[in-house]
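**Q** quick one, structure for this:
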Amino acid sequence: MPLLDHEQIRDLVGDQDSADYELDLRGVSAADARIAIERMLEHRRFVEAATVVIRIDPATPTSGETLFLPVGRQLLEARRRKLIRHFTPLPEGDGGGFHVELPANPARSGDTK
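**A** Numbers count the residues shown, from 1 in each chain. Sure thing, here's the model as predicted:
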């Protein structure tokens, strides 16, 4: 697999390091991260579409397993359930995490489609 420089990575994943809301999961366990994301998705009160940056600890040579895979899998499952419109990993220079686009909440906006 070819290595990519920082500019190539930023071209692939974008530079969306800010959002309407932020969920900081740095320093938490995988179990606590799962609960926090489920709460965010179940209790979202956004009538309009919103964006969320989920921050996790970046990988280091000595960090061991990070939250990247468990959180990424949870977000993928939420996207399949149509709770998330789109998500991308944050660029390396922005630390670890994901930029998440949440759809408008039709139940809250009166749209029952």
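**Q** contacts only, for residue 85.
**A** The contact partners of residue 85, taken as CB atoms under 8 Å, 6 or more residues apart in numbering, are 49, 79, 101, 102, 103. All C-beta atoms are positioned from the backbone trio N, CA, C, and that covers glycine.
**Q** take these and keep only those in helices.
**A** If you go by DSSP state H, those have residue 79 in helices.
**Q** and the contacts of residue 85, which of them are buried?
**A** With burial judged by 16 or more other CB atoms under 10 Å, the buried subset of the contacts of residue 85 is 101, 102.
**Q** strands of the chain, start to end?
**A** Using DSSP state E, the strands of the chain run over 21-24, 50-56, 86-89, 96-102.
**Q** so which of the ones you listed comes closest to residue 33?
**A** strand 50-56 (7.4 Å; CB to CB).
**Q** show me what the closest one is packed against.
**A** In terms of contacts (3 or more CB pairs under 8 Å, 6 or more residues apart in numbering; DSSP states H and E), strand 50-56 is packed against strand 21-24, helix 30-42, helix 68-80, strand 96-102.
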